[in-house]
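*Asks:* got a predicted structure here, sequence first:
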Amino acid sequence: MTGGHVAHSLLISLANISMEFRNKSSNHVYLLLALIPIPKFIHSTRKTCSVLEARLFHQCLDLILEPLKCAAQVGHVMSNPLGRALFCFPPLAS
């Protein structure tokens, strides 16, 4: 029903949410960040295809997560719940 189109979903969530609450899908704590394509290469050797798939997957991740990496290194102005602007360095975890 998808026309042969498949993709990996890249989800993002906050780390300070308790695991019991986060693991229930009805709580909607994950946000879809991107859909990463799953390619089918036509090369004859399987090892070459798997290397190409891994390279493409990691290149997509680098492209998608570049703004988060930049914010973690240089910092980013974010507002807190009270509306004050704070200069933050968000930690990244995977």
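*Replies:* All right, it came through fine.

*Asks:* packing partners for whichever helix in the chain runs longest?
*Replies:* Of all segments of type helix in the chain, defined using DSSP state H, the longest is helix 46-74. The contact analysis (3 or more CB pairs under 8 Å, 6 or more residues apart in numbering; DSSP states H and E) places helix 46-74 against strand 7-12, strand 31-37. Bear in mind the C-beta positions are built from the backbone N, C-alpha and C, glycine included.

*Asks:* next SSE after it?
*Replies:* strand 76-79 (DSSP states H and E).

*Asks:* contacts for that following strand?
*Replies:* Applying CB atoms under 8 Å, 6 or more residues apart in numbering, the external contacts of strand 76-79 come out as 70, 85-90.

*Asks:* can you check stretch 45-61 too?
*Replies:* Residues from elsewhere that reach stretch 45-61 (CB under 8 Å, 6+ apart): 8, 10, 34, 36-39, 41, 43.

*Asks:* just these now: which is nearest residue 64?
*Replies:* Comparing the contacts of stretch 45-61 against residue 64 with CB to CB places residue 34 closest, at 4.8 Å.
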